[in-house]
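Novice: Below are the sequence and a predicted model; questions follow.
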Amino acid sequence: MSIARLTDTELSDLLTRHPDWQLRADGLALERTFKFTDFNEAFGFMTRVALYADKADHHPEWFNVYNRVEITLTTHDAGGISGRDAAMVEWLAGVAA
Ligand SMILES: C[C@H](O)[C@H](O)[C@H]1CNC2=NC(N)=NC(=O)C2=N1
């Protein structure tokens, strides 16, 4: 199923409201690194994200080393950044500072 990509305006509004996210060089994904005190905290965060992701049927690409979680958001069904990524950015803002 195909889903619409965010317009340039929607994307720049999102990045203005969430400056901790960066546009990937190719413009097709959003990236942010989360840091925690230790692996336990990082993995607890990943567990919460995993539950959200499965419920929303929208799954992040991520990489974890000890207390660091790098998240990449993109929508495969859109070939870029969609409202589903924006929704996850908004949700994540309330989960991790
Ligand atoms: C069939 C299933 O709904 C799709 O493959 C979902 C699952 N999770 C997904 N996650 C992401 N990041 N992008 C998608 O397009 C996507 N599509």
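Specialist: Arrived safely.
Novice: When you work out contacts or count neighbours from here on, use the C-alpha atoms and nothing else.
Specialist: Fine.
Novice: where does this structure come near the ligand, residue by residue?
Specialist: Counting by C-alpha under 6 Å from any ligand atom, the positions of the chain adjacent to the ligand are D57, H58, H59, P60, T74, T75, H76, D77.
Novice: how about the third one, secondary structure?
Specialist: Which is H59. coil (DSSP: H, G, I helix; E, B strand; the rest coil).
Novice: residues making contact with the longest helix along the chain?
Specialist: In the chain, with assignment by DSSP state H, the single longest helix is helix 39-56. The contact list for helix 39-56 (C-alpha atoms under 8 Å, 6 or more residues apart in numbering) reads K35, F36, H59, P60, V65, Y66, N67, R68, V69, L92, V95, A96.
Novice: which stretches of the protein aren't confidently modelled?
Specialist: Applying pLDDT under 70 to the chain flags the ranges 1, 97.
Novice: which residues touch the spatially most central residue of the chain?
Specialist: Residue closest to the average C-alpha location in the chain (C-alpha atoms, centre = their mean): L73, at 4.2 Å. The neighbours of L73, taking C-alpha under 8 Å, 6+ apart as the test, are A29, L30, E31, H59, P60, E61, I81, D85.
Novice: So which of those wins on neighbours?
Specialist: I81 (24 neighbours; other C-alpha atoms under 10 Å).
Novice: so that residue sits right up against R24, yeah?
Specialist: No: assessed by C-alpha atoms under 8 Å, I81 is found out of contact with R24, at 10.5 Å.
Novice: shared neighbours, those two?
Specialist: Joint contacts of I81 and R24 (C-alpha under 8 Å, 6+ apart) are L30.
Novice: Quick check: which element contains R84?
Specialist: helix 83-93 (DSSP states H and E).
Novice: Quick one: work out the angle between that helix and helix 39-56.
Specialist: Compare the direction of helix 83-93 with that of helix 39-56 by axes from the mean of the first three to the mean of the last three C-alpha atoms, to 10 degrees and you get 140 degrees.
Novice: related to what we said a few turns ago, would you list the phi and psi of the residue nearest to the centre of the chain?
Specialist: Per-residue torsions, L73: phi -110, psi 130 (degrees, to the nearest 10).
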